[in-house]
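[1] Got a sequence here, can you model it:
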Amino acid sequence: MQYKYYHNPKCSKSRQGLEFIKKLNIDFTIKEYLKEELSSPELLSIFSKLDMPTDMAIRKKESLYKELGFDKRSLSNQEWAEVIVKNPSLLERPILVGQIVAKIGRPTEQLKEALSTEFSKS
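    Numbers count the residues shown, from 1 in each chain. Sure thing, here's the model as predicted:
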């Protein structure tokens, strides 16, 4: 099974998560989502696999979040996807995405939870 790890090398939590999954000896690719373009369908797929409301995958502490007024309104998954395509720094990190589930690696141990959930559902 192939996983995709949405990674920001400048983020310490993302680097910790990367080291964590390397030790698990799984097949994965890294997507540096701040350098590589994200698409709306890709983000909608991630949102559908997360076991949480979509807005939990948004970095609300980023100044851009408040500057753009997102703290004052509620958006649909499609609208969030469009926002993240234009402003990828608002996507929470890291995220490990499998065929069935996705988990945000905060705390890092949640990445292992994603793997165990993936195997139990396949």
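[2] what about residue 106, which SS state?
    coil (DSSP: H, G, I helix; E, B strand; the rest coil).
[3] What does the pLDDT read for it?
    Note on residue 106: pLDDT of 89.
[4] out of everything not next to it in sequence, what's closest to it?
    Once flanking residues are discounted, residue 106 sits nearest to residue 13: 5.9 Å by C-beta to C-beta, 6 or more residues apart in numbering. (Glycine included, C-beta is placed from N, CA and C.)
[5] Helix or strand: which one has the one you found?
    Counting by DSSP states H and E, the element that carries residue 13 is helix 12-23.
[6] before we move on, back to that, got a pLDDT number for the residue nearest to residue 106?
    94.
[7] rewinding a little: the helix holding residue 13: what's the following helix or strand?
    Next along the chain from helix 12-23, counting by DSSP H and E, comes strand 27-31.
[8] tilt between that next one and helix 12-23?
    160 degrees (axes from the mean of the first three to the mean of the last three C-alpha atoms, to 10 degrees).
[9] residues of strand 27-31 that come out buried?
    If you call a residue buried by 16 or more other C-beta atoms under 10 Å, then strand 27-31 has these buried ones: 28, 30, 31.
[10] right, and the last one touches residue 8 too?
    Looking back up the chat, that one is residue 31. No - Residue 31 lies out of contact with residue 8 (C-beta atoms under 8 Å); the separation is 10.2 Å.
[11] Identify the residues contacting residue 77.
    Residue 77 makes contacts with 44, 47, 48, 54, as judged by C-beta atoms under 8 Å, 6 or more residues apart in numbering.
[12] With that, I have no additional questions.
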